[in-house]
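Asker: got a predicted structure plus its sequence, pasted below:
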Amino acid sequence: MATISMAEIGQRLKEARERKSLTIDQARKQTRIHSNVLIALEDGKCDDILNPTYAKSFLKKYSIYLGLDSKEVLNQYSSLHPEDYCPNLNIMEKKGPKSSPDISKFIYAIGPAILIIALVVLSVFLLSKTVTYLKKHRPPKAPGVKIAQAAATAKRSVKKKSSTLQPSVPKNVPFDLVLKVKQPVLVGLKKDGILIFKRVMPKGTVESVRANDYISIYVAKAEAIELVLNGQGLNIPAKGIIKDLEITRKGIRIR
């Protein structure tokens, strides 16, 4: 059976809506799905603005609303996004040669003893190597303390940098954020606890916002946006969905 295309899935949704004499705006109000998302679903272009997880969620909700078989719609969509197949390891095990009963009993009998002996030998070997190394590389006491303190400080510094994105956030003045959209994507933005917007933003859109204490960003595809804070670009290490990129006086974090 030929695989159905996204355009055919979208056409089926559109025809179902038109049979019910519903407009996109009516469907938006009743489903609470953004009109841009509904249009993308009917045009077969939902993958341009949503990742597959969100696309499946909206397809299920919209098909149920239109009275379609949601399971069938999702199966058709999934056929266009096949997952990696994981072979059944049990099958491979069945094909292998069977062990002789006598050999198996012997292995089970001596197995624990061999394991204990191996662990003892390994422990003695590692202990001797450790003692030899410490004798050859024993540092003076005072420098040793300084080295340990420096290592601990460096470790804390690396840990702090790994959880906070650059650049740093100013402490005493408002901070300005510029959001540039490189491809259509669903974005939500809050500042100082107030929701500014949550919508599908087309390619080329540029939004600027100034906050005193707090900015929170949701984005369905991290690679679809570019962020500039106080004139300095933010390097976003994540891909795919970012549920909360938080900019506060304490720093910039992805939660």
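Answerer: Arrived safely, thanks for sending.
Asker: name the nearest residue to residue 253, sequence neighbours excluded.
Answerer: Excluding the flanking residues, the one nearest residue 253 by Cβ to Cβ, 6 or more residues apart in numbering is residue 246, at 5.1 Å. From N, CA and C alone the C-beta is placed, and that goes for glycine too.
Asker: run a quick neighbour tally on that neighbour.
Answerer: Applying other Cβ atoms under 10 Å, we find 16 other residues in the vicinity of residue 246.
Asker: list the buried residues for whatever helix or strand it lives in?
Answerer: Using DSSP states H and E, the element containing residue 246 is strand 242-248. Buried residues in strand 242-248, counted by 16 or more other Cβ atoms under 10 Å: 242, 245, 246, 247.
Asker: that older thread, give me the distance between the residue nearest to residue 253 and residue 189.
Answerer: The spacing between residue 246 and residue 189, counted by Cβ to Cβ, to the nearest Å, is 12 Å.
Asker: what sits in contact with each of those two?
Answerer: With contacts defined as Cβ atoms under 8 Å, 6 or more residues apart in numbering, the residues shared by residue 246 and residue 189 are 215, 216.
Asker: excluding sequence neighbours, find me the nearest residue to residue 171.
Answerer: Leaving out its chain neighbours, the residue that sits closest to residue 171 by Cβ to Cβ, 6+ apart is residue 249, at 6.0 Å.
Asker: again but with residue 16, I slipped
Answerer: Among residues not flanking residue 16 along the chain, residue 66 sits closest, at 4.0 Å (Cβ to Cβ, 6+ apart).
Asker: strands of the stretch 51-200 of the chain, start to end?
Answerer: In the stretch 51-200 of the chain, strands defined by DSSP state E, counting those that start in this stretch lie at 175-181, 185-191, 194-201, listed in chain order.
Asker: would you single out the least confident of those strands?
Answerer: Set side by side, those give their lowest mean pLDDT on strand 175-181, at a mean of 82.
Asker: can you give the strand pairings for that strand, parallel or anti for each?
Answerer: Within its sheet, and counting by DSSP bridges, strand 175-181 is paired with strand 206-211 (antiparallel), strand 225-229 (antiparallel).
Asker: helix or strand with the lowest mean pLDDT in the protein?
Answerer: helix 89-95 (a mean of 36; mean pLDDT, DSSP states H and E).
Asker: please enumerate the helices of the protein.
Answerer: Assigned by DSSP state H, the helices in the chain fall at 6-19, 24-31, 35-42, 52-65, 70-79, 89-95, 101-136, 141-163.
Asker: of these, which shows the lowest average pLDDT?
Answerer: helix 89-95 (a mean of 36).
Asker: and for residue 46, the neighbour number?
Answerer: 25.
Asker: again with residue 189
Answerer: Other residues lying near residue 189 total 22 when counted by other Cβ under 10 Å.
Asker: likewise residue 50?
Answerer: As a burial measure, the neighbour count of residue 50 was computed by other Cβ under 10 Å and equals 24.
Asker: for it, give me its contacts.
Answerer: Taking Cβ under 8 Å, 6+ apart, we find residue 50 in contact with 37, 40, 58, 186, 220.
Asker: so in terms of bridging, what pairs with the spatially closest residue to the last one that is not a sequence neighbour?
Answerer: Right, residue 220. If you skip the residues right next to it in sequence, residue 220 has residue 186 as its closest partner in space, 4.2 Å away by Cβ to Cβ, 6+ apart. Here residue 186 sits in beta bridges with residue 200, as judged by DSSP bridges.
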